[in-house]
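S.K.: This is a predicted model, with the sequence first.
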Amino acid sequence: MILLNDLAIDYNISFIPTAKDNKHAWINQIRILIAEERIIINPKCKQLIFHLKNATWNKNKTEYERSLDGGHYDLIDALAYLIRNIAYSRNPYPKGYGMIGGDSYMRIRDEDKSSFEQHLINIFSYKKN
């Protein structure tokens, strides 16, 4: 508890407990997000990939079967906890991301555009029929 408090005060990092109900629904949500390529797993995450490929339910479907090489398959639960806490309605990019000079920008006047810039604008502009 002291560590969590220190992280919140010193680094403005806070943690919240994750709900652990509806495990089967969240496992299905992982399947859907991977199929839709909304989650892309880096090939360097060999253990996570191994867990996702090899985990099976026990007979009662209450937890994963234990194995010598996969253990408890905890990385699947960690991924489920991560996706439970994604705020899909929140823009992940901070204000001014990718802009030089913070949150201000400068518009180029039409007369200052090169012929190439104007050509690109013409190509990608919406044309009314």
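M.R.: Everything's here; your move. In this text the structure is predicted, and so the values were computed from the model without any measurement.
S.K.: C-alpha from now on. contacts and neighbour counts both.
M.R.: Fine.
S.K.: Tell me which residue is most central in this protein.
M.R.: Closest to where the C-alpha atoms of the chain average out (Cα atoms, centre = their mean) is residue 39, at 6.5 Å.
S.K.: Would you quantify the distance from that residue to residue 118?
M.R.: Distance, residue 39 to residue 118, by Cα to Cα, to the nearest Å: 37 Å.
S.K.: follow-up on the earlier one: contacts only, for the residue nearest to the centre of the chain.
M.R.: residue 33 (Cα atoms under 8 Å, 6 or more residues apart in numbering).
S.K.: Just say helix, strand or coil for it.
M.R.: Recorded secondary structure, residue 39: coil (DSSP: H, G, I helix; E, B strand; the rest coil).
S.K.: For it, what are phi and psi?
M.R.: Main-chain torsions, residue 39, degrees, to the nearest 10: phi -120, psi 120.
S.K.: Okay, now the unreliable bits of this structure?
M.R.: Along the chain, segments meeting pLDDT under 70 span 96, 98-112, 126-129.
S.K.: can you pull out the helices in it?
M.R.: 2-11, 23-35, 46-54, 74-84, 115-124 (DSSP state H).
S.K.: Please tabulate those helices in CSV, including the columns mean neighbour count and distance to residue 60.
M.R.: Shown next, in CSV, are these (neighbours: other Cα atoms under 10 Å; distance: least, Cα to Cα, whole Å):
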stretch, mean neighbour count, distance to residue 60
helix 2-11, 11, 36
helix 23-35, 14, 12
helix 46-54, 15, 18
helix 74-84, 16, 18
helix 115-124, 11, 57
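S.K.: Can you say which of those helices is nearest to residue 62?
M.R.: Proximity to residue 62, assessed across the helices of the chain by Cα to Cα, is greatest for helix 23-35 (8.8 Å).
S.K.: Report all helices and strands that that closest one contacts.
M.R.: Applying 3 or more Cα pairs under 8 Å, 6 or more residues apart in numbering; DSSP states H and E, one finds that helix 23-35 contacts helix 74-84.
S.K.: and the helix it packs on, what does it pack onto?
M.R.: Using 3+ Cα pairs under 8 Å, 6+ apart, helix 74-84 is in contact with helix 23-35, helix 46-54.
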